[in-house]
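Participant: This is a predicted model, with the sequence first.
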Amino acid sequence: MSISRMLPLRISNFLFSSHNPLSISTHHPPLFLRKMSMDTQSSAARLIDSGLLRSQGLIGGKWTDAYDGKFIKVHNPATGDVIASVPCMGRRETTDAISSAYDTFNSWSKLTASERSKCLRKWYDLLIAHKEDLAKLITLEQGKPLKEALGEVSYGASFIEFYAEEAKRVYGDIIPSTLADRRLFVLKQPVGVVGAITPWNFPLAMITRKVGPALACGCTVVIKPSELTPLTALAAAELSLQAGIPPGVVNVVMGNASDIGDTLLASPQVRKITFTGSTAVGKKLMAGASGTVKKVSLELGGNAPCIVFDDADLDVAVKGALAAKFRNSGQTCVCANRILVQEGIYEKFANAFSSAVQSLQVGNGLAEGVAQGPLINVAALQKVESFIQDATSKGAKIMLGGKRHSLGRTFYEPTVLTDVDSDMRISREEVFGPVAPLLRFKTEEEAIRNAKDTNAGLAAYIFTTNMSRSWRVSEALEFGLVGINEGIISTEVAPFGGVKQSGLGREGSKYGMDEYLEIKYVCLGNMNSP
Ligand code: SIN
């Protein structure tokens, strides 16, 4: 390993004072800062391969600044420090990224499935080879504990591996004809250029879950990562080039979200929009896509019920609910939002769960033993506070936590609330923070009714030792994913997606391929003529 690849990332002790997470400036910071100002108080944040630190967008295989020279600062949510700056791109850069993806579509889609598969497999190998660096980038810009970030890298890379394999299995059909002189075929073909808009809570995995199947099918992509977490996306894009994925197949633009989104929506060359994020933005994208009638898939907000029945195994339920609630400090769409506990086990569960929550160590995700990192920014923290304020003003009791953590900034104490009811805002809206509201119920029917009483329908969890009940309740729930006696169920081999206002389409698994394919019917007629 060359010495230059071991360079420490800490260059300056934060020449930038602004902590505004989306501060935009027209003045370029010095080049060394733009490239290398990864904050960190310790060697824990040094990257092994500093070549992964990219601070420009990627258009047609070229690393590119914003055309007007504007940039955005990227902050570490644990410290507020500026760790890098990236271009603040808009319409013109996005138009060029679309053109590059469009021009490359022809050649990429014409490669054999096996050729595309080899590129994807190589990309997977590189993601795994650089997993420590990618995990550090995730922790630095997103805040999740390093161990969890490493888990995200494995999870994220698994989509590339899985779809490298699936690329070879895009089968069509031969349909028995209704007429003797005809033959009927179904071909599956790539949809075309894909606009992939991804969130900050999984800076790598939400990209690979979209780009893996898109590339496997023969599509090319324009990725717009969250402006809060662009560095992981850029590192992954750098590795895609190193893997031999041709320039122009993967493009990355970031900056002015509405300008980029509008440009993707308006372009007739973009045939598909895939988005993970809030329901409000998903609705706008869906409406915007109607102008050019694009295919759309949406992974939107959830309001997951976690139902603990009297007959649950207490240890399994506590462990499962803890994982389902506190993964990524509560900042996932599938996090348990409401913990519904049957009255016979309520007190016992509340006590055991509360002591488990108390043991979660809060801190900078780079530090050893930390299980709960910061929230993404101060606005997220204030939102959590407003939920607690509303709930307690309506009779909820704070069993644990309930206030900002002594570490300050964006850290919040892992919190357990009891005596929560279904009318409080915390039960009706997605919390996206480390707060576990416990609601009490009497009967199975009541639990199902309460669980379903939401416009969201992404994930649900059930804890019971009764097999008939587990089937009965799973079938009755209107959610896209159901975990029985498990708190984390996402995997590349199973379909992920919601019903109702939680979204459209599925990601992961063989079903995830369909989102990037068009079906073409071909009729071969007059077979009897000589
Ligand atoms: C999400 O929160 O959007 C994704 C969570 C997962 O893939 O498990």
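Facilitator: Perfect, I can see it now. Numbering: from 1, shown residues only.
Participant: residues contacting the residue nearest to I345 when sequence neighbours are not counted?
Facilitator: Using Cβ to Cβ, 6 or more residues apart in numbering and skipping the chain neighbours, the partner closest in space to I345 is D310 (4.9 Å). Yep, even glycine has a C-beta here, placed from its N, CA and C like the rest. By Cβ atoms under 8 Å, 6 or more residues apart in numbering, D310 lies in contact with 342-345.
Participant: Helices of the stretch 251-400 of the chain, residue ranges please.
Facilitator: Along the stretch 251-400 of the chain, the segments classed as helices by DSSP state H, counting those that start in this stretch run 257-266, 279-289, 314-326, 346-358, 378-393.
Participant: And the furthest pair within the contacts of D310?
Facilitator: Pairwise distances across the contacts of D310 (Cβ to Cβ) peak at 7.8 Å, for the pair E343 and I345.
Participant: who has more neighbours, those two?
Facilitator: The neighbour count for E343 versus I345, taken as other Cβ atoms under 10 Å, is higher for I345 (18 against 11).
Participant: I'd say that one and D313 touch.
Facilitator: No - assessed by Cβ atoms under 8 Å, I345 is found out of contact with D313, at 10.4 Å.
Participant: where does the stretch 301-450 of the chain dip in pLDDT?
Facilitator: For the stretch 301-450 of the chain, no stretch has pLDDT under 70.
Participant: interface residues of it facing the ligand?
Facilitator: 332-334 (Cβ under 6 Å from any ligand atom).
Participant: any chance you could read off phi and psi for S359?
Facilitator: Dihedral pair for S359: phi -80, psi 0, per degrees, to the nearest 10.
Participant: count of neighbours near it?
Facilitator: With neighbours defined by other Cβ under 10 Å, the count for S359 comes to 9.
Participant: State the distance from it to V318.
Facilitator: According to Cβ to Cβ, to the nearest Å, S359 stands 11 Å off from V318.
Participant: what does P225 give?
Facilitator: 35 Å.
Participant: element containing G487, please.
Facilitator: Assigned by DSSP states H and E, G487 belongs to no helix or strand.
Participant: what ranges do the helices span in the stretch 101-250 of the chain?
Facilitator: Along the stretch 101-250 of the chain, the segments classed as helices by DSSP H, counting those that start in this stretch run 113-129, 131-142, 146-166, 205-217, 230-242.
Participant: and the helices of the stretch 251-400 of the chain as CSV, adding mean neighbour count?
Facilitator: Below are these laid out as CSV (neighbours: other Cβ atoms under 10 Å):
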stretch, mean neighbour count
helix 257-266, 19
helix 279-289, 17
helix 314-326, 21
helix 346-358, 18
helix 378-393, 17
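Participant: could you redo these as TSV and give each row distance to G212?
Facilitator: Shown next, in TSV, are these (distance: least, Cβ to Cβ, whole Å):
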stretch	distance to G212
helix 257-266	19
helix 279-289	21
helix 314-326	25
helix 346-358	35
helix 378-393	28
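Participant: nearest to R91, of the ones you listed?
Facilitator: helix 257-266 (4.8 Å).
Participant: Going by contacts, tell me the helices and strands next to the closest one.
Facilitator: Other elements packing on helix 257-266 under the criterion 3 or more Cβ pairs under 8 Å, 6 or more residues apart in numbering; DSSP states H and E are helix 91-110, strand 193-197, strand 220-224, strand 270-276, helix 279-289.
Participant: Now mean pLDDT and distance to V522 too, for the ones you listed, in JSON lines please.
Facilitator: JSON lines is the format used below for the helices and strands packed on helix 257-266 (pLDDT from 0 to 100; distance: least, Cβ to Cβ, whole Å):
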{"stretch": "helix 91-110", "mean pLDDT": "98", "distance to V522": "17"}
{"stretch": "strand 193-197", "mean pLDDT": "99", "distance to V522": "24"}
{"stretch": "strand 220-224", "mean pLDDT": "99", "distance to V522": "24"}
{"stretch": "strand 270-276", "mean pLDDT": "98", "distance to V522": "20"}
{"stretch": "helix 279-289", "mean pLDDT": "98", "distance to V522": "27"}
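Participant: Is it possible to get CSV of these that adds distance to the ligand?
Facilitator: Formatted as CSV, the helices and strands packed on helix 257-266 follow (distance: least, Cβ to the nearest ligand atom, whole Å):
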stretch, distance to the ligand
helix 91-110, 23
strand 193-197, 13
strand 220-224, 16
strand 270-276, 5
helix 279-289, 12
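Participant: residue closest to the middle of the chain?
Facilitator: Taking Cα atoms, centre = their mean, the centroid of the chain lies closest to M206, which sits 3.6 Å from it.
Participant: Might one say that it is in contact with G212?
Facilitator: No - contact between M206 and G212 fails when scored by Cβ under 8 Å: they sit 11.2 Å apart.
Participant: neighbours of L524, just the number please.
Facilitator: 11.
Participant: Over to the closest residue to D313 other than its chain neighbours. Which of the three states is it?
Facilitator: Closest residue in space to D313, ignoring its immediate chain neighbours: T465 at 5.7 Å, by Cβ to Cβ, 6+ apart. Secondary structure, DSSP: H, G, I helix; E, B strand; the rest coil: T465 is coil.
Participant: could you measure T465 against L340, distance?
Facilitator: Taking Cβ to Cβ, one finds T465 at 17 Å from L340.
Participant: In contact with P268, which residues?
Facilitator: T292.
Participant: quick one, what contacts the closest residue to the ligand within the stretch 51-200 of the chain?
Facilitator: Ranking the residues of the stretch 51-200 of the chain by distance to the ligand (Cβ to the nearest ligand atom) places P199 first, at 6.5 Å. P199 makes contact with 206, 226, 276-277 under the criterion Cβ under 8 Å, 6+ apart.
Participant: who wins for neighbours among these?
Facilitator: Busiest of these [other Cβ under 10 Å] is M206, holding 29 neighbours.
Participant: To what extent is the residue in the stretch 351-500 of the chain positioned nearest to the ligand buried, counted in neighbours?
Facilitator: Nearest to the ligand in the stretch 351-500 of the chain, going by Cβ to the nearest ligand atom, is S490, at a distance of 3.2 Å. By other Cβ under 10 Å, 18 other residues sit near S490.
Participant: I appreciate the help and will end here.
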